[in-house]
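Engineer: What follows is a predicted structure for the sequence shown.
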There are 2 protein chains.
Amino acid sequence: MTQFKGTHTVRRDGKGRVSIPAAFRAVLKGDHPVAPGPNGAVVLRPSHKYACVEGWHPAAFEAQGSQIQQLPRFSDEEDDLALALYSDAVDAEPDKEGRIVLPRELADHAGLDEEVTFVGAGSHFQIWEPAAAQRRVAEARERARVLRMTLPPAALAAGGGK
Amino acid sequence: MTQFKGTHTVRRDGKGRVSIPAAFRAVLKGDHPVAPGPNGAVVLRPSHKYACVEGWHPAAFEAQGSQIQQLPRFSDEEDDLALALYSDAVDAEPDKEGRIVLPRELADHAGLDEEVTFVGAGSHFQIWEPAAAQRRVAEARERARVLRMTLPPAALAAGGGK
DNA sequence: CGGTTTCCCATAATCTCCCATGGACACCCA
DNA sequence: TGGGTGTCCATGGGAGATTATGGGAAACCG
């Protein structure tokens, strides 16, 4: 599946709507078992690690969930993960213009204001308050830099090495 | 996969477009799982080491991303790498003439002006401000020369990290 | 009913597609 | 060999399509 790439900042209008950046819409439109709308569908959920909202292609979200079943049945891990993943997730259908309304709980969780920043993260995207997005990306960059030094070379060899 | 070789300098027109050198276009066209356009596709991202833009064949870029899938789900490492890799990368589709538009953030990162220089780097290519490209290539040559004289062969084979 | 949500239309700025041009180079053939 | 000629490449620009955004009106719902 195509991946979410790039960073885009958009405005929330008076009704709480935000345009999903066109590049992300294109990803959401692809690979649908049953085509939902003209602009795909998206699963939104509050990140349980960060003050942001995650957006998933429905198929990718389901795939993610199915991995839980590899955990021991009735284990605490399964229970916790299942709730964490599903309890606060919502389906959203973009309107004809490609906009969605961010539910208030999600917007609050991410501390969203007038402007929101969409950040691509490959398998999914994240919605942040712009300044928080900048901080988080800077942090991730720095930590990835350190991480790259410790990863097995095999993982890095794919691109031809650095 | 064919490799990016050689150096080409081209002009940016008023709309911010640049012709991808024909030699590089040919590399980008090859090996596509799902053929995107008549001129292939390319993933652009700011180099995290230099003031230049990197251009990758989508397949090579995804191979880089595959290292993420080897990390534990929900781990900090996964999150950090995903953002570092994807948050500032963009897909670019060359037009029928083989040109792409360089997004402003990327052009700024590389300090690009009227003229830009494409430098082949095997697995990917780099886009530089022409003078900076010259300096960087000269530096690389010099350092390679010195390293070759002072490092034992085993160290060279290992990748010469530092 | 009143407030909220959903659909639809409008618009300015931007981006893409498409056509055109001139130069560089390779090739062909007398 | 030298001139002609065709092809590919880099570049330029106009017009139409997209994008992000705004707002009005209809539908919905307790």
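Structural biologist: On my side now, so go ahead. Since we're looking at a predicted model, the values are computed, not measured.
Engineer: all strands for chain A, in order.
Structural biologist: Ranges of strands in chain A, per DSSP state E, are A:7-11, A:17-19, A:42-46, A:53-56, A:90-92, A:99-101, A:115-120, A:124-128.
Engineer: what does the last one rub up against?
Structural biologist: Contact partners of strand A:124-128, identified using Cβ atoms under 8 Å, 6 or more residues apart in numbering or on different chains, comprise A:4, A:18, A:24, A:47, A:50-57, A:60-61, A:102, A:110, A:112, A:116-119, A:133, A:136, B:83. Every C-beta, even on glycine, is put in place using the N, C-alpha and C of the backbone.
Engineer: Up against DNA strand C, what does chain A have?
Structural biologist: A:K15, A:G16, A:E93, A:D95, A:K96, A:E97, A:V101 (Cβ under 7 Å from any atom of the strand).
Engineer: Within reach of chain B, which of those residues are there?
Structural biologist: Among the residues of chain A next to DNA strand C, proximity to chain B is found for none (Cβ under 8 Å from any Cβ of the partner chain).
Engineer: Output the longest helix seen in chain A as PDB, nothing but the C-alphas.
Structural biologist: Using DSSP state H to define each element, chain A has its longest helix at helix A:130-150. C-alpha atoms of helix A:130-150 as PDB (Å, rounded to 0.1, in the frame of the first residue of the first chain):
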ATOM      1  CA  PRO A 130       1.600  22.700  14.600                       C
ATOM      2  CA  ALA A 131       4.200  23.700  17.200                       C
ATOM      3  CA  ALA A 132       3.900  20.300  18.900                       C
ATOM      4  CA  ALA A 133       4.400  18.600  15.600                       C
ATOM      5  CA  GLN A 134       7.600  20.500  15.000                       C
ATOM      6  CA  ARG A 135       8.900  19.500  18.400                       C
ATOM      7  CA  ARG A 136       8.000  15.900  18.000                       C
ATOM      8  CA  VAL A 137       9.500  15.600  14.500                       C
ATOM      9  CA  ALA A 138      12.700  17.300  15.700                       C
ATOM     10  CA  GLU A 139      12.800  14.800  18.600                       C
ATOM     11  CA  ALA A 140      12.200  11.900  16.400                       C
ATOM     12  CA  ARG A 141      14.900  13.000  14.000                       C
ATOM     13  CA  GLU A 142      17.400  13.200  16.700                       C
ATOM     14  CA  ARG A 143      16.600   9.900  18.300                       C
ATOM     15  CA  ALA A 144      16.600   8.200  14.900                       C
ATOM     16  CA  ARG A 145      20.000   9.600  14.300                       C
ATOM     17  CA  VAL A 146      21.300   7.800  17.400                       C
ATOM     18  CA  LEU A 147      19.200   4.700  16.600                       C
ATOM     19  CA  ARG A 148      20.700   4.300  13.100                       C
ATOM     20  CA  MET A 149      24.100   3.800  14.700                       C
ATOM     21  CA  THR A 150      23.000   0.900  16.700                       C
END
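Engineer: Pretty sure A:G98 sits against A:A23.
Structural biologist: No: using Cβ atoms under 8 Å, A:G98 is not in contact with A:A23, being 11.0 Å away.
Engineer: Pick out whichever of these two has more residues nearby.
Structural biologist: Taking neighbours as other Cβ atoms under 10 Å in any protein chain shown, A:G98 and A:A23 compare with A:G98 leading, 20 against 17.
Engineer: coming back round to it: mind checking which of the contacts of strand A:124-128 are buried?
Structural biologist: A:4, A:18, A:24, A:47, A:52-57, A:60-61, A:102, A:110, A:112, A:116-119, A:133, A:136, B:83 (16 or more other Cβ atoms under 10 Å in any protein chain shown).
Engineer: Could you list which of these also contact DNA strand D?
Structural biologist: Among the buried ones among the contacts of strand A:124-128, the residues within reach of DNA strand D (Cβ under 7 Å from any atom of the strand) are A:V18.
Engineer: ok, now which ones touch the residue nearest to A:R11 when sequence neighbours are not counted?
Structural biologist: In this structure, A:R11 finds its nearest non-sequential neighbour in A:E115, 5.6 Å apart by Cβ to Cβ, 6 or more residues apart in numbering or on different chains. Neighbouring residues of A:E115 by Cβ under 8 Å, 6+ apart: A:T9, A:V10, A:R11, A:R12, A:E129, A:P130.
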